[in-house]
Structures are given as structure tokens and as C-alpha cells.
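Participant: whatever this is, show me its structure:
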Amino acid sequence: MLLFFMAASFLFPYNLSLQARKGVMLQFVTYNGFGNNLYIDNVVMGNRVNFDLAVTSFNNIQRDTTFLPGTNTYDVSPEITITNIGLYNGSESTKVFLRISEIGYMDSVTIPPLASGEISYAEFPVVTIPANQRITLTTYLSSTADSTEMNDTARQTSLFLTGASRNALLEEFTSSTSPSCGTNNLFLDTFINNNFNKISSIKYHVGFPPPGIDSMYLFDTVMVEERRAYYFSNSVPVSIINGRDRILLPYYVDSNLFIPYERGIEEGSPIELSVTSTQVAPDTIESVVNVNFLYPLLNNNLKLRVAAVERQVLYPNSIGASGDSVFYDVCRRMYPDANGYPLTGNTGSQQFVIRFHIDTLWKDTSIYTVAFIQSDVDRTVYNSAKSDTMIVNIQNVNIPMPKTAKPDFEYKYKPVRKLSTLSYSLALDDTVSYFNYENFEGLFLPKGWRINNIDGFLTYEKITGVNGVTLGGFSSVKMPFFDYANIGEKDTLFSVIFDSVSTYDTLTFDWAYAVYLSTFSDTLEVNISVDGGNTFTNIFRKGGYQLASANSTTLPFAPVNAQQWRTFRYSLSDVIPPDNSQNIIPGSFSLEQNYPNPFNPATTIGYRLPKNSFVSINIYDLTGRHMLTLVNENKPAGTHEISFNASSFSSGVYFYVLKAGDFTQARKLVFLK
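Facilitator: Sure thing, here's the model as predicted:
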């Protein structure tokens, strides 16, 4: 009987509220003023119970499809985040289980007691995941003190495919007349030089800031302006890896360079790509580009783009505001133009032969060809390659560390082009569990969340090392206004639809922000929808000093203590009117989790009846011995509650069982004197 109670408790979902439940969605909307960084964390929808451990995320196994860099297996120590989202500190250790049935994997680890709001990483022994086989990861907790069962289990579907090795494409918008480029580029050039075997580098020289007389820009302004419009770039220096990841300033901070670079090459690619070049005449280079789609990439508007790049451009004298006379990896021309060659995305091989003229201004021994395949849907670069060239090493020059500086930007430029979202033909994801909170400790974007980034420039990103105050952890969401030179741009972060929210619940979230200068004011507004995202109501709008949670600074802001955070609280009764529960006829039978749980000495048990029924509710101990009958009579359809006082019982774990006609459901409760 006890096993039956436990199984029944696992199979039936937990309903959060006895009131009519609503689905609630949020919009976090930012308006960029090129000010300072904003952080958002710990979005909580509902009232926290006393003890509640939750499976928060799978951390190092991607959902959907991942390409391996030429390997047939993936060795990983699975890591899962567990969060105590309850109000009370835990007092006992908890077992965390992980099952991957397709490969016969089952293991468990024990995590220590967690304080309220604290997180713990459950790290499992190394598992070898085979390529080309879909797997489902299932993780669940075993804790007698846990109040809420719905968030104790999470599932994720993943597929690893054997792909090709990936080379990183690093594109930079720069200018010889930019002081900021002069400050930062030596560090970027040294980094590229040290990783030249895995980086394809292209530098686009632009015609600003004033006086904007950059001869490398004037050489092919049409090509440069097309690429600038493609990336909505109105500032320099701006560096992008694989079309998606921005390198933050300043470049002398090693992590600003290494993190996006390593992220750009650690995974494989669905496309093999190679380039070979031959100087077939004194003034002509022939480049042969071989493209092999290992897997289909349909409906992504793919382009093969080819660029002639000069490794080193030398001037006899220094030019521009930076005082430099040597420039590296300068894009001279793209073929046939900046739009590139269209690709179908079908599996199989294609070969492209491109011949181009060596201009008299180019140094032929320093020219190499860069090819890359890019989606015009979201700018993702799937792979890049370059032909051989004489490697010109960067001289190491000892210079003092510069002061942090914002990029030089152009006020008049206003991007208008929009991008749609990426689709991949083999994408898989059937994660089935999400919760009424998000602490951004897992993969970003969280399941069900999305971003509307109109200009395709910087937008919301996960940042590690900065965490809000409501729940523990190490991560949050950052809007990098400090580097976001497209003034006036609007970015929107949409939440998942939070289910089972009632009029008695409260929305909270943490934020942190500091003003850069009073003339650069950023704004955050938060809107809420109770009709699935059809209409929204504004509940929060602050900007500039009103938004600030910390003192102003001209350095890139990151909160360093709890005093630099603020927490917003909003009662959902303002948008969800109270319901008369007696007039609500449920659509199915259900037994609610008792509240509070654990309890001393009294608790409330709720249940729902879709029709008039004879109802019994009985209490049992762990051995299955009957202890007490709470209800044993006919009840009308509707939502009901019964109080249970356990003052005559011993502390421990008990089960309560509802029987209504043919329906039976059991749940556990914890009595602590």
C-alpha cells in the first residue's frame, strides 16, 4: 500500500492554488541610452512555501541539437542545479538522481542541506554519450522535507551529431581615426596572432569618427557600408565572433576575448569548409572553396561569403588619431560582393572557384582568402576557413594599461533592418518541466523564453559572477548598455507563461543599475499579461537615476554587494481579480498539496471535484497504518478545503489519500513539532 501511495503521489501533478488559476507572461523592455549596464535576476511568480527544493537546470548538456567537433562520443560530467526556493533553511541532505535510459545510465549524488535561496550543483560521474542518438535526461529529487513535488523532476531531450571542426570568424569594425581603436586594437591583434590557427580574422575600416579619412575605408566604401548595415554597427571598435557573440571592451581584459572565442570553437559544425589559393598570374589569385553540408540546414537563407584579406598594411608614417602606421587583417574586397553566394542548405558537396585581381595597392605576399557560411536569418556563422598566407607576427610592445573607454560612435546612423529567428531542420526539445520562478542559472535562453532584438545588435545575455539577492546562485541577465551605442533601440525579453498563478500571488524580481553620465539615460519597463501575451499592462517603468540602485560610475557597472540591488514586488491582485471559488466547477478530480508543509500542528488540505461524489480522505503513516479519517461523506462539485490538526501525532512523514468514486490520489505531508 505504501508503494502505491508513493507512486500515486508522483503521477498526479500539484496545483498551486485553490483559486482559479491564470497563465501570466512578462515583458522586460529596455530602451538604450548608451549608459551603463543593467542586471535582472530571480523572477519569482507566486508565494514561496516553507521548504521547497527545485531542480533548476541542466547546466552543461545542451537541449535540442549539438554538433560535435569531429568526434563520435561526448564525455561529460553532467551537472544539475538544485535551488532551495523555500523560505526556511534545509536541515537534511538530499539525493539527486539522473537517468538516461537510452544508454542505460542511472546514478545519484547527495547534496548538503541548503539554506533558503541557496543553490547547489549536483555533479555526476563522467558519462559517455554516443553521437547520432537522441537521449532523454530525467533528474529528480528524494527529500522527505520537500513541500512541493511539481518541481522535483525535470526532463530534457538532447541530440549530439558528429560534425566538423569549427574555426572562429572574428570580424571587427575599426578606424584609423578612432582613439578607442588605437587604445584597444593592439591587444586584439596580439590575441588574434596567438590563436591564428583557429581564427579567421576580417577587419572592416569605416569612415568615422571625424575626420573619417581612412584610406582603407575609401578603397571600398560600398562593401564596408553593406557589412556595417548588416551588423547595424555605428561604433568602433566593435568585434563579433561567428556573427553572434560580441567582444566587450576593453580588449586588454583577457576574459572579454577568450570567453567568446572559446565558445565559438568548442562545438562542432554541420558544415565542412576549406579554402586553397594559388597565384595563377602576377596580378591574379584563384581561390577554391569546398563546402560540404553534413546535415541539412534548410530555410536559413544561407550565404557563402568570400573576402580578400591583407594580413599587414604598412604606412610610411602614422595616420589618424591613433598614431598607428601598421594595420592587420584588413578586408580589401568581398566576392562577388558583400551579399555572397546563396546556398540551398541541402546535404552534399559544392565547389566554388573565385578569381580576383590583386590591386597595385595590395601587398600580394600578404593576401589571403577568408570564406565563411552565414545565415541571413540571424547572422550565425556556421564555419569559416582561410587559405595559407605568410604569417606576420605581431610585435609585443609594452604599453601601460589604458583607462576604460567607451567606443567612438556615429549619432546619425540609424539601423532599420530586422532579422527573424533561426530554424534548424533537426531541432529537438521536449523539456517538460518549468517552474514559477527563473534564476537564470541554467542555459540561456531558458526554455520558453525569447528575445525581440530589433536592430540585431547587443541584447540580453547571461552573465556569470553577478547574482541577485532573492535567490542564491552565480548568474543573472545583463543588458550591456555600456557597450550598446545604438541609442534609442528597444529590446524585449519575453518570459515563459507562468501557469497556476492566482490573485493571492506576488511577482518579484531583482535589478541592479548605475548611471554612467546624466546625458546617457537608460530605461527599463516591465509589462504583464494575463491573457497569454495578447495584451499587456505596464507595472514598472524607471530610467536614469530613478532606475539606479548604486552610485554612478564611468566604469562598466557590475554590482558587488547586496546593497547595490533592488527588489520589485507586485501583487497580482491588481491584474487578476479574485474569483468566487464556490462558483468554479473544476474540469477534473485533484488533490492539492497541504499548506503549510511541513506544519505544526495544523495544516489545510484542498481538493477539487468535477461532479457530486462520495468522498473519503484518510491519513496513513509510513507503514501504511490507518491513522485518521478526515472526510467520509457526499460532497457537491467544486473546490473544497479541510483542516487537519496533528497535535496528537508524533513528528514524521504521513500520507493522505483522497478517494472519490473511481478516482484515487495520494500525497505526503510532514509534521514537525
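
Participant: residue ranges for the strands of the stretch 501-650 of the chain, please.
Facilitator: Using DSSP state E, counting those that start in this stretch, the strands found in the stretch 501-650 of the chain span residues 506-513, 523-529, 537-543, 566-571, 590-591, 602-609, 613-620, 626-635, 638-645.

Participant: switch these over to a markdown table; also include mean neighbour count and mean pLDDT.
Facilitator: C-beta coordinates here come from the backbone N, C-alpha and C atoms, glycine included. A markdown table is the format used below for these (neighbours: other C-beta atoms under 10 Å; pLDDT from 0 to 100):
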| stretch | mean neighbour count | mean pLDDT |
| --- | --- | --- |
| strand 506-513 | 23 | 94 |
| strand 523-529 | 20 | 96 |
| strand 537-543 | 15 | 95 |
| strand 566-571 | 14 | 93 |
| strand 590-591 | 22 | 89 |
| strand 602-609 | 20 | 87 |
| strand 613-620 | 18 | 94 |
| strand 626-635 | 12 | 94 |
| strand 638-645 | 16 | 88 |
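
Participant: in JSON lines: these, plus distance to Asn234.
Facilitator: Formatted as JSON lines, the strands of the stretch 501-650 of the chain follow (distance: least, C-beta to C-beta, whole Å):
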{"stretch": "strand 506-513", "distance to Asn234": "23"}
{"stretch": "strand 523-529", "distance to Asn234": "20"}
{"stretch": "strand 537-543", "distance to Asn234": "22"}
{"stretch": "strand 566-571", "distance to Asn234": "31"}
{"stretch": "strand 590-591", "distance to Asn234": "55"}
{"stretch": "strand 602-609", "distance to Asn234": "57"}
{"stretch": "strand 613-620", "distance to Asn234": "66"}
{"stretch": "strand 626-635", "distance to Asn234": "67"}
{"stretch": "strand 638-645", "distance to Asn234": "57"}
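
Participant: what's around Ser518, how many residues?
Facilitator: 10 (other C-beta atoms under 10 Å).

Participant: next up, phi/psi of it, please.
Facilitator: Per-residue torsions, Ser518: phi -60, psi -20 (degrees, to the nearest 10).

Participant: so it touches Gly543, yeah?
Facilitator: No: applying C-beta atoms under 8 Å, one finds Ser518 not in contact with Gly543, separated by 11.4 Å.

Participant: state the distance from Thr136 to Thr470.
Facilitator: Distance, Thr136 to Thr470, using C-beta to C-beta, to the nearest Å: 31 Å.

Participant: neighbour count for the two, which is higher?
Facilitator: Between Thr136 and Thr470, counted using other C-beta under 10 Å, the more crowded position is Thr470 (21 against 16).

Participant: what pLDDT is listed against that one?
Facilitator: Looking at Thr470, its pLDDT stands at 90.

Participant: OK, contacts around it?
Facilitator: 41-42, 44, 117, 508-510, 567 (C-beta atoms under 8 Å, 6 or more residues apart in numbering).

Participant: rerun that using 6 Å as the cut-off
Facilitator: Residues counted as contacts of Thr470 (C-beta atoms under 6 Å, 6 or more residues apart in numbering) are 42, 510.

Participant: could you tell me how far it is located from Asn439?
Facilitator: According to C-beta to C-beta, Thr470 stands 8 Å off from Asn439.

Participant: mutual contacts of the two, please.
Facilitator: Asn42.

Participant: thinking again about what came up before, nearest to Gly652, out of the strands of the stretch 501-650 of the chain?
Facilitator: Evaluated over the strands of the stretch 501-650 of the chain, closeness to Gly652 peaks at strand 626-635, with 10.5 Å, by C-beta to C-beta.

Participant: right, and the strands of the stretch 501-650 of the chain - which one's nearest Met334?
Facilitator: Nearest to Met334 among the strands of the stretch 501-650 of the chain is strand 523-529; the distance by C-beta to C-beta comes to 37.7 Å.

Participant: stretch 104-112 - what's its average pLDDT?
Facilitator: Mean pLDDT, stretch 104-112: 95.

Participant: again, but for stretch 148-157
Facilitator: Stretch 148-157 comes out with an average pLDDT of 82.

Participant: try stretch 63-79
Facilitator: Averaging pLDDT along stretch 63-79 yields 92.

Participant: any idea how far that stretch is from the chain center?
Facilitator: Chain-centre distance of stretch 63-79: 18 Å, with C-alpha atoms, centre = their mean, to the nearest Å.

Participant: in it, which residues are buried?
Facilitator: Using 16 or more other C-beta atoms under 10 Å as the test for burial, stretch 63-79 gives 63-68, 74, 78.

Participant: so what's the backbone phi/psi at the residue nearest the centre of the chain?
Facilitator: In the chain, the residue lying closest to the centroid (C-alpha atoms, centre = their mean) is Phe444, at 1.5 Å. When read as degrees, to the nearest 10, the backbone of Phe444 gives phi -120, psi 130.

Participant: same question, Phe481
Facilitator: Phe481 adopts backbone torsions of phi -60, psi -30, taken as degrees, to the nearest 10.

Participant: wait, what's in contact with it?
Facilitator: Taking C-beta under 6 Å, 6+ apart, we find Phe481 in contact with 32, 35-37, 522.

Participant: quick check: which helices or strands does the longest helix that the chain contains pack against?
Facilitator: Longest helix in the chain by number of residues (criterion: DSSP state H): helix 179-194. For helix 179-194, there is no helix or strand it packs on, judged by 3 or more C-beta pairs under 6 Å, 6 or more residues apart in numbering; DSSP states H and E.

Participant: can we see that at 7 Å?
Facilitator: When contacts are defined as 3 or more C-beta pairs under 7 Å, 6 or more residues apart in numbering; DSSP states H and E, helix 179-194 sits against strand 168-174, strand 324-335.

Participant: for Gly264, find the nearest of the ones you listed.
Facilitator: Checked against C-beta to C-beta, the stretch from those lying closest is strand 168-174, at 4.0 Å.

Participant: circling back to that earlier point, and the closest residue to the residue nearest to the centre of the chain other than its chain neighbours, how many neighbours does it have?
Facilitator: The spatially closest residue to Phe444, leaving aside those adjacent along the chain, is Lys462, at 3.6 Å (C-beta to C-beta, 6 or more residues apart in numbering). When neighbours are counted by other C-beta under 10 Å, Lys462 registers 16.

Participant: just how off-centre is the strand or helix carrying Lys462 within its chain?
Facilitator: Here Lys462 sits within strand 461-464, counting by DSSP states H and E. Between the centre of strand 461-464 and the centre of its chain there are 7 Å (C-alpha atoms, centre = their mean).

Participant: then stretch 470-486?
Facilitator: 11 Å.

Participant: how long is that stretch end to end?
Facilitator: 32 Å (C-alpha to C-alpha, to the nearest Å).

Participant: and Arg667, which of the strands of the stretch 501-650 of the chain is closest to it?
Facilitator: Arg667 lies closest, by C-beta to C-beta, to one member of these: strand 590-591, at 5.9 Å.

Participant: that closest one pairs with which strands, parallel or anti?
Facilitator: According to DSSP bridges, strand 590-591 has the following sheet partners: strand 602-609 (antiparallel).

Participant: identify the residues contacting the partner strand?
Facilitator: With contacts defined as C-beta atoms under 7 Å, 6 or more residues apart in numbering, strand 602-609 is touched by 18, 586, 589-592, 594-597, 617, 635, 637-645, 656, 658, 660, 669.

Participant: what do you get if the cut-off is 8 Å, keeping everything else the same?
Facilitator: By C-beta under 8 Å, 6+ apart, strand 602-609 touches 15, 18, 586, 588-592, 594-597, 615, 617, 630, 635-647, 656, 658, 660, 669.

Participant: next one: phi and psi at Phe663?
Facilitator: Main-chain dihedrals, Phe663, degrees, to the nearest 10: phi -90, psi 130.
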